[in-house]
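Engineer: sequence-free structure coming up:
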């Protein structure tokens, strides 16, 4: 079932027809309870998105679909995002992020954090940033093996790790060690699961000098 948000604006009927043609059942939702139980949510596009958002706030639907970063830290007040990994269980995502941030705050030394939650470094006052902002596997984020710049990228990434004396790499789901392990010898990475989204990857042995 696909839920399309209907607050009286937006071309939701056209969107519904397209979704039906793709073989999905559709329901129009306009209240908090139905939205919070939805697995797939579509916000139809509008010309005046500010008016659309005002209507969403009036129905309190925003509380069901948007994560408010101020629930994690007051430094992030005003930041919101849509999540697709928790099926409306926003408190689960918030709790996991808070737990992860608390752990990272105590263990950030000589580390780099690879995550799509770009605000975490700022929240931690962590000045070592990942060489990449995004980690897609289609060649858009970094040159793949067949790309003539692939070797240069490998050297760039490794040199950054060495320059910053990185001993461990943290990943936060949906990202994991697959986004960087191809740069190193896979058997040199030791992985420890911290919680359901956070993992610690020790890369100390990856740059150990042979006698």
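Structural biologist: Here it is on my side, so go on. Every value quoted in this text rests on a predicted model; they were computed, and no experiment measured them.
Engineer: for stretch 168-175, the averaged confidence score.
Structural biologist: What stretch 168-175 shows for mean pLDDT is 94.
Engineer: equivalent analysis for stretch 55-65, please.
Structural biologist: pLDDT averaged over stretch 55-65 gives 64.
Engineer: the nearest residue to residue 71 once chain neighbours are set aside: neighbouring residues, count only.
Structural biologist: Counting by C-beta to C-beta, 6 or more residues apart in numbering, residue 94 is the residue found nearest to residue 71 once chain neighbours are left out, at 5.1 Å. Where you see a C-beta, it was placed from the backbone N, CA and C, and this is true even at glycine. Using other C-beta atoms under 10 Å, residue 94 has 17 other residues around it.
Engineer: so residue 94: helix, strand or coil?
Structural biologist: In three-state terms, and counting by DSSP: H, G, I helix; E, B strand; the rest coil, residue 94 is helix.
Engineer: for it, report the pLDDT, please.
Structural biologist: 87.
Engineer: got a list of what the nearest residue to residue 140 once chain neighbours are set aside touches?
Structural biologist: Excluding its sequence neighbours, the residue lying closest to residue 140 (C-beta to C-beta, 6+ apart) is residue 134, at 7.5 Å. The contact partners of residue 134, taken as C-beta atoms under 8 Å, 6 or more residues apart in numbering, are 116, 140-141.
Engineer: reformat these as TSV; add pLDDT and neighbour count.
Structural biologist: What follows is the contacts of residue 134, written out as TSV (pLDDT from 0 to 100; neighbours: other C-beta atoms under 10 Å):
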residue	pLDDT	neighbour count
116	89	13
140	84	9
141	86	13
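Engineer: could those be laid out in TSV, adding secondary structure and distance to residue 21?
Structural biologist: Output for the contacts of residue 134, formatted as TSV (DSSP: H, G, I helix; E, B strand; the rest coil; distance: C-beta to C-beta, whole Å):
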residue	secondary structure	distance to residue 21
116	coil	31
140	coil	29
141	coil	33
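Engineer: ok, these vs residue 173, which is closest?
Structural biologist: Nearest to residue 173 among those is residue 116, at 9.2 Å by C-beta to C-beta.
Engineer: sorry, back to before: quick one, phi psi at the residue nearest to residue 140?
Structural biologist: Taking degrees, to the nearest 10, you get phi -120, psi 160 for the backbone angles of residue 134.
Engineer: again, but for residue 102
Structural biologist: The phi/psi pair for residue 102 (degrees, to the nearest 10) is phi -60, psi -40.
Engineer: okay, now the unreliable bits of this protein?
Structural biologist: Along the chain, the model assigns pLDDT under 70 to residues 7-10, 31-39, 45-49, 52-53, 56-66, 82-88, 186, 208-211.
Engineer: now with 80, please.
Structural biologist: Residue ranges of the chain with pLDDT under 80: 1, 5-13, 29-71, 75-76, 78-90, 137, 185-186, 207-211.
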